[in-house]
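Student: My questions are about this predicted structure, shown below with the sequence.
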Amino acid sequence: MNILLITNSDPANEAAGNEQRTAALHRALCRCGTVYTLLPVKKPTREFLDAARRVQGLCLLPPSRWGLRLARALWRACFRHLPLPFVWEPARRRAFPGVRFDVVVTRYLTVAAETRAWAFGPCRVDIDDFPDESYATGLAKRHGRLRRAIHLWAIRTWMAWVCGHLEGAWATNAQRVGTLPGLPMVALPNIARPPAPGYAFDAPRRDVLLTVGQMAYPPNHEGVDRFLAEIWPSVRAAFPRLTYRIVGRGAPEACQRRWRATPGVEVAGFVEDLDAAYASALACVAPVDAGSGTCIKTIEALLHGRCCLAAPFAVRGWERETLDGSLGLHVYHSAQDFVDCLRGAVLDEATRTRQEAAGRAYAEARFGFEGFARQVRVGLGEHPAGR
């Protein structure tokens, strides 16, 4: 079976959480057939072909014409995050010429729309981030009631239009399965990169609470901002010896200045050895409260044998029975909740050790690659090509 994977990141890259999922999806698809990877680029000068890996960078946009540029500009001014398929057919035909694709898989609804992925063959989408959810938890907070209503109507209409061209989809959050009428969906939970062999689960701890993330992603740096404004002052007052360490590249300069000016905060930026950062941390913090999908960093923390204190949004998609604290995953709703979690579990070594062992065992069993690959096969097998 020939499979075309259309994605916005090379499967060889695994630096960020979204790239890790792309790489995992590529590996899983390789078990199902021969995979060709198409990376849409914005300019013909950036096109490339890596024949050995069957990876092609291709510009699908039509040659610039003033009318088309105006139409695109007007649409983007109104609905920046809802792309339309401005695809030039001669360019599309240059994608792996002579290869007939039995199935097409894309990462995200937006990628499917902007590349008109269904024109290459029967199409399935790894939705991951739902546009309506991303908007409702992010930009909607800055819009008035009327503007929110218009945007949500446009987003859901756009989603219905895209889904009308699809054969099936995967969703990271099992709670969203079945929420797009007429579209067969399969739950495909996130997985996270496990620690390297030899990782020191029992390494000496520093008095450090650790947050890891791609800080160029607004929900990540905005979540850290809110944590520092609403939670950290109480933590600092109750436990003056604790330090909050922020790891991840790309944070806006204004955020970095605010963070560095906050007592007890260490802005590490990019670190070469992420395992070492986890090993030395007392516990992890997942302060994300916007976006969509599920939060990879909660899984990553448990896989590294570290408790994770998470905002409610960061545990979306987790089963209710996993949120009682027994796995080291603690949900905080206020500064007092956070302080109580620290005092009652994280700072009590015996309790923390027991929870970390349980959380690690659960994460290894629940979020391993074999289960991920099995769900990919389910998504392909339940909705065969040419349905």
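Tutor: All right, it came through fine.

Student: Buried residues, stretch 246-255. List them.
Tutor: Using 16 or more other CB atoms under 10 Å as the test for burial, stretch 246-255 gives 246-248, 251, 255. All C-beta atoms are positioned from the backbone trio N, CA, C, and that covers glycine.

Student: average pLDDT across it?
Tutor: Computed over stretch 246-255, the mean pLDDT rounds to 93.

Student: same thing with stretch 50-66?
Tutor: Stretch 50-66 comes out at a mean pLDDT of 87.

Student: that older thread, out of the buried residues of stretch 246-255, which sit inside helices?
Tutor: Among those, the members falling in helices are Cys255 (criterion: DSSP state H).

Student: And the furthest pair within the buried residues of stretch 246-255?
Tutor: Val247 and Cys255 (13.9 Å; CB to CB).

Student: returning to what we had before: can I get the buried residues of stretch 246-255 in TSV including distance to Glu364?
Tutor: What follows is these, written out as TSV (distance: CB to CB, whole Å):
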residue	distance to Glu364
Ile246	27
Val247	23
Gly248	24
Ala251	31
Cys255	34
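
Student: So which of the buried residues of stretch 246-255 are in strands?
Tutor: Assigned to strands by DSSP state E, the following of the buried residues of stretch 246-255 qualify: 246-247.

Student: Which single one of the buried residues of stretch 246-255 is nearest to Thr110?
Tutor: Closest to Thr110 out of the buried residues of stretch 246-255 is Gly248 (23.2 Å), distances taken as CB to CB.

Student: List phi and psi for the closest one.
Tutor: Dihedral angles of Gly248 (phi, psi; degrees, to the nearest 10) stand at phi 140, psi 140.

Student: can you check Gly269 too?
Tutor: Dihedral pair for Gly269: phi 70, psi -140, per degrees, to the nearest 10.

Student: got it, and Leu49?
Tutor: When read as degrees, to the nearest 10, the backbone of Leu49 gives phi -140, psi 120.

Student: Hmm, Leu39 and it touching each other?
Tutor: No - using CB atoms under 8 Å, Leu49 is not in contact with Leu39, being 10.6 Å away.

Student: Looking at these two, which is more packed in?
Tutor: Taking neighbours as other CB atoms under 10 Å, Leu49 and Leu39 compare with Leu39 leading, 19 against 13.

Student: The more buried one: what secondary structure?
Tutor: Under DSSP: H, G, I helix; E, B strand; the rest coil, Leu39 falls in the strand class.
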